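sequence and computational prediction follow.
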Amino acid sequence: MIRTGGCQCGAVRFAIEGDLGTASICHCRMCQKAFGSFFGPFVTAFNERLTWTRGQPTYFQSSDLVRRGFCPACGTPLTYVVQETTTELAIGAFDDPSDIAPVKQYSVHTRLPYVDDLAALPAATLSLDPAKMVSYQHPDHDTEN
């Protein structure tokens, strides 16, 4: 099995052969800031199976232990690297993240107090008409450019 993914603009793309490791979410303040969100969702990829098929992430050393990779063109968060043998990839960067369900949470002591209540919020569909919108986002599949 080969899984693919990449950033929002398509400048950085990846492919992974074989199984993925553990999927998780991290509530630490660094992940919140890196994603500009409530938490960081990641899945472990083994480096010998990970190939950057277009471009490369740019890295920011967010602590003495962690390097975070992102697209240098559009800023999409892509990686969290601690070990030499694995790379944590952002789940949302996959072309099809639907079956990469987190099974563990980290740094729950810094979880935002309202995160557990998000599913109970009223739901609505997007009010923008997709037929009238032109998306500049890279499609969820590999392309020539």
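Alright, I've got the coordinates. Residues are numbered from 1 along each chain as shown.

can you count the residues close to residue 88?
With neighbours defined by other CB atoms under 10 Å, the count for residue 88 comes to 25. Heads up, the C-betas are built off the backbone N, CA and C, glycines and all.

you'd agree it is up against residue 77?
No. Counting by CB atoms under 8 Å, residue 77 is not a contact partner of residue 88; they are 10.6 Å apart.

which strand is the longest one in the protein?
In the chain, with assignment by DSSP state E, the single longest strand is strand 40-46.

if you count neighbours, what's buried in whichever helix or strand comes after that one?
Remark: after strand 40-46, the chain's next helix or strand is strand 50-54, criterion DSSP states H and E. The neighbour-count criterion (16 or more other CB atoms under 10 Å) identifies 50, 54 as the buried residues of strand 50-54.

stretch 97-114 now?
Of the residues in stretch 97-114, 97, 100, 102, 106, 107, 111 count as buried by neighbour count, 16+ other CB under 10 Å.

got the phi and psi for the fifth one?
Spelled out, that is residue 107. Summarising the backbone geometry of residue 107 under the convention degrees, to the nearest 10, its torsions are phi 50, psi 40.

next: the fourth one.
Backbone torsions of residue 106, given as degrees, to the nearest 10, read phi -120, psi 160.

right, and residue 92 touches residue 41 too?
Yes. Between residue 92 and residue 41 there is a contact under CB under 8 Å: 6.4 Å.

more neighbours, these two?
When residue 92 and residue 41 are compared for neighbours, residue 41 comes out ahead with 23 against 17, by other CB under 10 Å.

need the contact list for the closest residue to the more buried one other than its chain neighbours.
Leaving aside its sequence neighbours, residue 41 sits nearest to residue 91 (CB to CB, 6 or more residues apart in numbering; 4.2 Å). Taking CB atoms under 8 Å, 6 or more residues apart in numbering as the contact definition, residue 91 lies against 23, 41, 42, 43, 97, 100, 102.
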